Structures are given as structure tokens and as C-alpha cells.
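Participant: Quick one: sequence plus predicted model below, questions after.
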Amino acid sequence: MRAEESTAVGDRVHKWLGVLRSGWAGARLLEVADAWTSNVDKHTVEGQPAVRLCNYVDVYKNDAITDSIDFMSASATREQIRKFRIRRDDTVITKDSETADDIGVPAFVEYEADDLICGYHLAIVRPDARRVVPKFLYWALDSEPTARQWGVTAAGVTRVGIRSTDLNKVTIALPPLDEQRAIADYLDRETAQIDALVAKQEEFIGLLRERRSAEISHAVQAAPSRVKLKYVAGAGQYGLNFPASEYVNTGTRLLRTSDLVGGRMTPSSDGIFVPEQAVSERDRLASGDLLLSRSGTVGRGFVVPPEAEGMTFAGFLVRFRPKPDMDGRYLGYCTQTAEFQRVVQSEAVSSTIQNFNADRYGNVDIPMLPIDAQLRVVNRLDEQTAQIDALISKAGEHIALAKERRAALITAAVTGQFNVRTARKAA
């Protein structure tokens, strides 16, 4: 290696990984694995072999690809089957998403079959066992330094993604093989304990949300009639698409799906803004507007509160403006019922990621009540759901802390911030 190349490698390692321990090195992904993106979409073509697809949600929602996942049936060419069949010890990562936070999410492949192939919006990472322990590579790809690198290389306007040319450039720390195995074993054990605690809290939240949904359904089910959403709220309007290069420090706040939590607006402190002059009056939000997610997290939404008046909204949201005889808060509660969510989830159109457009939302039935009855329902539900939401929030805080600890543990282990062998003995 020439001197200038060695310096460049050292600079890259220091930038992303800091100072490495003695005996450790830094390596780009291309030095320890092969990585490539899939082009297999969800379709069935007559004459093509039948396959099962490992899709975006299978990876995003699972740490591991196992035979317990209900893979989608589709078809593919023989060349696609040969090229995109996943194998044990591969890591599959999400390649595209609405935000940079959701790209590069890995799942470790524990199950393979002749007909199981990688779907679109994903990439396969196949380790070279001579250079890297497969499970260590998975944990390295699941670490914070790697996520930061994906965020920097992410490209796109309406959807961000990892370009094929950037896929192999990510830099990881590379200890000796025996230490890689020790780190992988340590993280398998420690994260399993944390995941068990998180699972209990998530189960508790699930029960609370069922109770919340039941309270809402009970309150609105007495409605004497039902009407399509499009007849009680102005026609659905899509949000605006701004490239990241047009974000500014001040201007008009752009609300995104990440600002939707529990049916309420909780804009984060690190919100993004777009130039004031780029937003027309038609694109500005009014208090009581109903915003619904139209891609990925379909059915998720919130009612715009007074403090968000005048803000605008991102392209993966659709807005419905209540008509004079409708209360936006009441409509918001109607969209949180189990029945509304069941309709949306069952009818969501999907090629690789769920989609539900404005027309489909507009044709979903809403329980209809006179405006005075709507207000009584809203006041009662505000009181009932506030108590449940407080419990959900507390459990969510426990989960967030556990996940922060998990992420910090992974990063510390794969970058050599502590010796896992010593930590294991101390335990």
C-alpha cells in the first residue's frame, strides 16, 4: 500500500471509529464481504419459478431471518434466484426508506432455502469468513458508527437510499478473528437479556393500546350512521417533497411521519425547516387538520394542534381538512379505532413497502355524529386516553433507555472500547 493510501485509510478509520486498540485494524466493507442490492419486486409472472421473498418489513422488524417468518409468495427469473438467494450467515440490510434513520437496518440470516430470495429495497452482505466472523459483521453493521456513515451517504429526494456505488464503502473496526468471535458471543448474550426486558414492556404497551382502542371504539360505535371520510373532510392533499439540500435553519417547519407518536403531534427538537417563500398558503396547516401517513406506516396519523398552525407537511403525509360540521379531534379518534386500522391495513397497496393513497383514505367509512355529540365524545375520550397515554409514555421511556443502552453496548464492543473477555469474567 502506498503511503498516501495508508494515510487515507487511517484518516477514514479515525473519523468514524476513533482510536482503535492494539491489534485492531479498520476495513471497508468491500475488504471483508461482498455486498449487492436486489431488484426483485413483489409480483408473480406466469412461467417463472415460484419463490418466497424476504421483504423490507421482514428485515426492518426482525433482528434475524428465521423460518418462523411468513414470507411472501412471488416469482423470479432463474438468474434472479441464483443471484439473490440468501444464505445462512448473510446479513440483509434495508437500502431505502423515508428517512436516513431507517436505512442500513440489518437482520442476520439464520435460515435459508432454495426458494427464499432477497426482495427489492434491500441489500445482501455476504461475509468472507477468512476475514470476518459473520455474526461480528452483523453487529458491526448494527452499530452507531455504521449508521452515521449510511446517513452521510444517503441520497434521494422523496425517498433516501444507499447507492450501489456507496454500499461497499462503509468502514468497520476489524479485530483478530478470535476476538471477533468473543465479541459476537458476548453481544448475543447481553442483548438477549435487554431484548427480553424490552419485549415485556412492549407487551404491556400492546395491552394498553388495545384498551385505548376499545375505549375509543365504544365511544363512537353508538353513531347512528357511517359516512366516507371524503364526505366530511376536504379532499386529501399530499405534502411537499423537498431535497435535503433545501433544508434551512429557520423558515417553515416541515412535519414528517417521525413527528407522529401515539396519534398526537410531538415534533422533535431537531425539526427541519424549508424556505418560507417555497410554501404557499394552500400548503400550510390549520389547527384541526387530520394528517395520515400514506407510506410505510400506513394508518398512522394525528390532528394538527394550534401550535402547529402555519407549518407545512412532508410528502409521505396526506391531509384532510374537516368540513364545518366536523371536529378534527373527533375524526382523529375515528382513525384510531381498531376497525379503521383493520380496513387500512387489509387494503394497503404494496410493491415492497405499504402504501395507502388519498383516494383510498377518502373511501374509508367514519362513524357520523352531530357536532355537539362529537364534542361530548372528544371531551370524554381526552380524559380517558390521557391516563392510558401516561402509562404508555412511561413504558416507552423504559424501552428507550434500554435501547440506548443496547446501542451503546454494541458500539462499544465492536469498536474495542472495552475488552469483552474481561467483562465476561467480571460478570
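Facilitator: Sure thing, it's come through.

Participant: where in this structure is pLDDT low?
Facilitator: For the chain, the stretches with pLDDT under 70 are 1-12, 98-100, 155-159, 260-270, 296, 349-354, 424-427.

Participant: so what's the spatially closest residue to residue 50 that is not a sequence neighbour up against?
Facilitator: Spatial nearest neighbour of residue 50, chain neighbours left out: residue 75 (5.7 Å); criterion: Cβ to Cβ, 6 or more residues apart in numbering. C-beta here means a position set from N, CA and C on the backbone, and glycine is covered the same way. Listed by Cβ atoms under 8 Å, 6 or more residues apart in numbering, the contact set of residue 75 reads 43, 44, 45, 48, 49, 50, 51.

Participant: Can you give me the separation between the residue nearest the centre of the chain and residue 398?
Facilitator: Nearest to the geometric centre of the chain sits residue 102, at 4.7 Å (Cα atoms, centre = their mean). Residue 102 is 23 Å from residue 398, where distance means Cβ to Cβ, to the nearest Å.

Participant: now swap in residue 188 and tell me
Facilitator: Taking Cβ to Cβ, one finds residue 188 at 23 Å from residue 398.

Participant: ok, now residue 220?
Facilitator: From residue 220 to residue 398 the distance is 31 Å (Cβ to Cβ).

Participant: for residue 182, same thing?
Facilitator: Distance from residue 182 to residue 398, counting by Cβ to Cβ: 30 Å.

Participant: can you check residue 228 too?
Facilitator: Residue 228 is 40 Å from residue 398, by Cβ to Cβ.

Participant: what's stretch 236-256 in contact with?
Facilitator: With contacts defined as Cβ under 8 Å, 6+ apart, stretch 236-256 is touched by 98-99, 157-158, 160, 230, 265, 267, 271-276, 278-279, 282-285, 291, 294, 308, 310-320, 357-359, 361-362.

Participant: Let's see that with 6 Å instead.
Facilitator: The contact list for stretch 236-256 (Cβ atoms under 6 Å, 6 or more residues apart in numbering) reads 157-158, 271-276, 279, 283, 311-315, 317-320, 358, 361-362.

Participant: and residue 252, what are its bridge partners?
Facilitator: Beta bridges link residue 252 to residue 274, judged by DSSP bridges.

Participant: Near it, how many other residues are there?
Facilitator: 19 (other Cβ atoms under 10 Å).

Participant: Domain ranges for the chain, per the record?
Facilitator: 3-174, 225-368 (automatic domain parsing).

Participant: isn't there a strand covering residue 387?
Facilitator: No: read with DSSP: H, G, I helix; E, B strand; the rest coil, residue 387 is helix and lies in no strand.

Participant: any chance you could map the helices in the stretch 301-427 of the chain?
Facilitator: With DSSP state H, counting those that start in this stretch, the ranges of helices along the stretch 301-427 of the chain come out as 328-335, 338-347, 358-362, 371-414, 420-426.

Participant: Just name the most buried of those helices.
Facilitator: helix 328-335 (a mean of 24; mean count of other Cβ atoms under 10 Å).

Participant: CA atoms only: put stretch 416-425 into CSV for me.
Facilitator: The C-alpha trace of stretch 416-425 is given here as CSV (Å, rounded to 0.1, in the frame of the first residue of the first chain):
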residue,chain,number,x,y,z
GLY,A,416,-13.0,-2.1,21.1
GLN,A,417,-13.9,0.5,23.8
PHE,A,418,-13.7,-2.4,26.4
ASN,A,419,-12.5,-5.9,26.5
VAL,A,420,-15.4,-8.3,26.3
ARG,A,421,-13.4,-11.2,27.8
THR,A,422,-12.6,-9.1,30.9
ALA,A,423,-16.3,-8.0,31.1
ARG,A,424,-17.4,-11.6,30.9
LYS,A,425,-15.1,-12.7,33.7
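
Participant: Please compute how far that stretch lies from its chain's middle.
Facilitator: 31 Å (Cα atoms, centre = their mean, to the nearest Å).

Participant: List the contacts of that stretch.
Facilitator: 20, 21, 24, 182, 183, 186, 412, 413.

Participant: Next step: those restricted to strands.
Facilitator: Among those, no member is found in strands (DSSP state E).

Participant: Just the buried residues of those residues.
Facilitator: 20, 24, 182, 183, 186, 413 (16 or more other Cβ atoms under 10 Å).

Participant: what would those look like in JSON lines with distance to residue 127?
Facilitator: Shown next, in JSON lines, are those (distance: Cβ to Cβ, whole Å):
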{"residue": "20", "distance to residue 127": "20"}
{"residue": "24", "distance to residue 127": "17"}
{"residue": "182", "distance to residue 127": "17"}
{"residue": "183", "distance to residue 127": "14"}
{"residue": "186", "distance to residue 127": "19"}
{"residue": "413", "distance to residue 127": "18"}
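
Participant: Report the spatially closest residue to residue 13, excluding sequence-adjacent ones.
Facilitator: Using Cβ to Cβ, 6+ apart and skipping the chain neighbours, the partner closest in space to residue 13 is residue 26 (3.2 Å).

Participant: And the one you found, how far from residue 173?
Facilitator: Residue 26 is 6 Å from residue 173, by Cβ to Cβ.

Participant: Now do the shared contacts for those two.
Facilitator: Shared contacts of residue 26 and residue 173 (Cβ under 6 Å, 6+ apart): residue 17.

Participant: Tell me which of those two has more neighbours.
Facilitator: A count of neighbours by other Cβ under 10 Å puts residue 173 above the other of residue 26 and residue 173, at 26 against 19.

Participant: just to revisit the earlier point, ok, which of the helices of the stretch 301-427 of the chain comes nearest residue 149?
Facilitator: Residue 149 sits nearest to helix 371-414 of all those, at 12.6 Å, using Cβ to Cβ.

Participant: and that closest one, what does it pack onto?
Facilitator: When contacts are defined as 3 or more Cβ pairs under 6 Å, 6 or more residues apart in numbering; DSSP states H and E, helix 371-414 sits against helix 134-141, helix 177-220, helix 328-335.

Participant: Check the offset of stretch 361-369 from the chain's centre.
Facilitator: Taking Cα atoms, centre = their mean, one finds the center of stretch 361-369 at 28 Å from the center of the full chain.

Participant: ok so, going back, what's the farthest-apart pair in the contacts of stretch 416-425?
Facilitator: 20 and 186 (17.9 Å).

Participant: quick one: residue 238 and residue 286, what's the gap?
Facilitator: 16 Å.

Participant: Residue 240 now?
Facilitator: For residue 240, the distance to residue 286 (Cβ to Cβ) stands at 16 Å.

Participant: Buried ones in stretch 219-232, by neighbour count?
Facilitator: For stretch 219-232, by 16+ other Cβ under 10 Å, it's 219, 220, 223, 229, 230, 232.
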